[in-house]
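K.L.:
predicted coordinates and the sequence they were generated for:
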Amino acid sequence: MLAPRDTATRERKSLDGLWRFALDAAGAGRDQGWQHGLPGGAREMPVPASYNDVFPEPALHDHVGDVWYETMVWVPARWAGQRIVLRFGSATHRAVVWVNGSHVTEHEGGYTPFEADVTDVVEAGAENRITVVVNNVLTWRSIPPGYVEQTPDGPRQRYFHDFFNYAGLHRSVWLYTTPRAHITDVTVVTGLAGATGTVDYQVATAGADGLQVRVALTDADGAEVARAAGGGGQLAVAHAHPWRPGEGYLYDLAVQLWGDGEVPVDAYSLAIGIRTVEVDGTRFLINGEPFYFRGFGKHEDIALRGKGHDNVFMVHDFALMDWLGANSFRTSHYPYAEEVLDYADRRGIVVIDETAAVGLNISLNSGSFGGQGFKTFSEDTVNDATREVHRQVIRELVARDKNHPCVVIWSIANEPESDTPESRAYFEPLAAETRGLDPSRPVGFVNVMLAPADKDVVADLFDIVMLNRYYGWYVDTGDLPAAERALEAELIAWAGKLGKPIIMTEYGADTIAGLHSVTPVPWTEEYQVELLAMSHRVFDRVDAVVGEQVWNFADFATGSGVMRVDGNKKGVFTRDRRPKASAYLLRRRWRGLP
Ligand code: GCB
C-alpha cells in the first residue's frame, strides 16, 4: 500500500487538527443519524492523538465502545476530475467512515492504514463532512484479543497485554488526489552481488490500459543510475552505495505512467535502500556482514497524546538512541506510524517489525483468569476466526512496510502460547503465509519465558529465535547470581536446540527513577544497572546471541494492577525521557566507552 505523497500528478491535504468529538457509550449514534452531523454538545478533540487522556475524565479514560469524530473540509475546485482518496493512518481498533453522510469504508485493526475512494461522494469546490466512528473494544476475534466484562458499573475492558488500551485517531488523516489512471502499488526487492546492486521492481496500476510504466533510479546526489520500462523487471546499479546500519543511504525510485503526451499521466516516488538480509547458521547478516542488534523494545506512548504520533518525540527518541549507540528497535507490540519507518530508513536504524498480535497467551494472566478456566486456543477463545484476523493483520503489515530497507525481520506475534499442539497448529499456516508474502526477510515470533527450549513446539517454524526473559526480575528476583546461571543455561539450551541466531528482544527491571540503594535492591536504579550488566555478561558468552534489546526504551502507561506503579517502569528513560543510571551503562557498552 502506497503512502500518500505530493508529486507532479498528485496533491495531498492534511486533515490533522481539531475535530468535533462525541462519546457514544450506548452505541446509539448510527440510529440517531450522527453520520449526518454530530449532536450539539460535541466538543473538540485533537487528531492525531489518543482521546483517553486529553480531558480529565474517567469516563473518557476508561471508555468502552464507540466514539465519533467529525470534520469539515474544503475540497479545492481544481480537484474536480481527479480521483480523490480519503486515507487514515490508523483508527484504533476499528472504524466506519462516512463522507457527506454516505458510508465509504470500514476497517478492522488499530495499527494499519486504510483508505476509501471518495471521488463520487465529495463535492469539489465545496465544504464536505467527514465522519468516523471509532470503536475500541477488544474481543476474542480482534488482534490483540480481549473481552468485555459487564459489571454493575458498566462494561469493563479486559485484555492480556501490558500496555494501556489507548484508542482514537492515532495517525494523520489525508485527503489526496491521483489521476484516474494511476499507480496503485510498487514492490521492490534489492540484492547485492559484489559492487553491483539489483532492484527487482513490480508496479501495479489501475485504469492504465495502453499506458506504459517507466521507472528511473537516482542516487542521493540526484544522478540517474538506472532506468527501465514495463510493469516489472530488474534494475542493475553499478558501484551501488548500500543502505547499511548507521548509514541510511537512499535512492529515489521514480515510477511514472506514460501515454502519448509530453508529461506523465501519473508519477510516484519511493525512497529505497539497496541491502540484503540473511540468516546464516547462528549469524544474522546485513549485506553479508554479521550484525548485532543493540537497542530496545519501544512503545508509541507519551503523556497526554497516548499513542498519537508526534514528530517531536520521534526525532528526540531517535536522537537518544543515537546518543546511546543503539542501532535498532522492535515495534513492540504493533506496527508503528509510517513516519517512524521512513525516519528509520533515513537514519539507518534497523527495525524488527511486529504485528499487533500480543496477548495470545492466557497462562500469563492465570492469576486473574485461571479461575474462569480459559484456554488460549479453544472454540470460545482464540480460534480459526481469530487466526483469519491475525492473517489479515500480517497481510496489511507486509503490504504497508515491504519496501522499507530498515525492516529486517517480521515478528508475527509477541509471547503467544507456544508449548501446546494447538499453538503449533495455529502458527504453522501463519509462518508460511508471512514467508509467502515476503520471501526476502526472516520471519519470527517472540517467545515467552513459560515456553523454554524444552517446552516450545513452535520456534522451529521460524528463521530466528527471539526471546523475552526476565531472570533477576520475575524469577530469581533480587538474586542476580542465580539469575545469571539460569539465563546462561537457557540460552545454551536454545542455541543447541535450533542452531539459529538468538535475539534477546526483552530483558530488564522495573526501576523508579531517583530510588537509590548502596546494595542493588529491586526497583532501584542500581539494580537495573546490575541486572543489565549481568545479562550482558551472559550474552557475550553465548555465540548464538546476535542482539540485545532492553525492555523498555521509556516508562509507559498500562492498565491498573498491583504490579504496576503509574505504569510499567522498565524504561531506561522516564516517560518524559529523562535518563536513569542504566542509560549511562548502555552508552558505555554500546559506544565502546571506558
Ligand atoms: C513482557 C511483555 C511486555 C511487558 C513486559 C513486562 O514479556 O512482552 O509487553 O511489558 O514483559 O514488563 O512485564
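P.N.:
Sure thing, it's come through.
K.L.:
residue boundaries of the strands in the stretch 201-350 of the chain?
P.N.:
Here the stretch 201-350 of the chain has its strands, by DSSP state E, counting those that start in this stretch, at 212-218, 224-229, 232-237, 251-258, 266-272, 277-280, 283-286, 289-290, 293-297, 328-330, 350-354.
K.L.:
adding mean pLDDT and distance to the ligand, write those out as JSON lines.
P.N.:
C-beta here means a position set from N, CA and C on the backbone, and glycine is covered the same way. Shown next, in JSON lines, are those (pLDDT from 0 to 100; distance: least, C-beta to the nearest ligand atom, whole Å):
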{"stretch": "strand 212-218", "mean pLDDT": "98", "distance to the ligand": "40"}
{"stretch": "strand 224-229", "mean pLDDT": "98", "distance to the ligand": "43"}
{"stretch": "strand 232-237", "mean pLDDT": "98", "distance to the ligand": "40"}
{"stretch": "strand 251-258", "mean pLDDT": "98", "distance to the ligand": "36"}
{"stretch": "strand 266-272", "mean pLDDT": "98", "distance to the ligand": "31"}
{"stretch": "strand 277-280", "mean pLDDT": "98", "distance to the ligand": "23"}
{"stretch": "strand 283-286", "mean pLDDT": "98", "distance to the ligand": "21"}
{"stretch": "strand 289-290", "mean pLDDT": "98", "distance to the ligand": "26"}
{"stretch": "strand 293-297", "mean pLDDT": "98", "distance to the ligand": "7"}
{"stretch": "strand 328-330", "mean pLDDT": "98", "distance to the ligand": "10"}
{"stretch": "strand 350-354", "mean pLDDT": "98", "distance to the ligand": "10"}
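K.L.:
so can I have CSV of the ones you listed showing mean neighbour count?
P.N.:
Formatted as CSV, the strands of the stretch 201-350 of the chain follow (neighbours: other C-beta atoms under 10 Å):
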stretch, mean neighbour count
strand 212-218, 19
strand 224-229, 15
strand 232-237, 16
strand 251-258, 21
strand 266-272, 22
strand 277-280, 15
strand 283-286, 19
strand 289-290, 12
strand 293-297, 25
strand 328-330, 26
strand 350-354, 26
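K.L.:
would you turn those strands into TSV with distance to Arg141?
P.N.:
TSV is the format used below for the strands of the stretch 201-350 of the chain (distance: least, C-beta to C-beta, whole Å):
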stretch	distance to Arg141
strand 212-218	40
strand 224-229	44
strand 232-237	37
strand 251-258	37
strand 266-272	35
strand 277-280	33
strand 283-286	35
strand 289-290	42
strand 293-297	26
strand 328-330	26
strand 350-354	20
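K.L.:
if Arg330 is in a bridge, with which residues?
P.N.:
For Arg330, the beta-bridge partners are Gly297, Ile352 (DSSP bridges).
K.L.:
find the closest residue to the ligand in the chain.
P.N.:
For the chain and the ligand, the shortest gap (C-beta to the nearest ligand atom) falls at Asp162, measuring 3.6 Å.
K.L.:
how near is the residue lying closest to that residue once chain neighbours are set aside to Gly110?
P.N.:
Leaving aside its chain neighbours, Asp162 sits nearest to Thr558 (5.5 Å; criterion: C-beta to C-beta, 6 or more residues apart in numbering). Separation of Thr558 from Gly110 (C-beta to C-beta, to the nearest Å): 17 Å.
K.L.:
neighbour count winner among the two?
P.N.:
Neighbour tally, Thr558 and Gly110, criterion other C-beta atoms under 10 Å: the higher count belongs to Gly110, 28 against 20.
K.L.:
for the closest residue to the more buried one other than its chain neighbours, give its distance to Glu289.
P.N.:
Excluding its sequence neighbours, the residue lying closest to Gly110 (C-beta to C-beta, 6+ apart) is Thr92, at 3.2 Å. Using C-beta to C-beta, Thr92 is found at 38 Å from Glu289.
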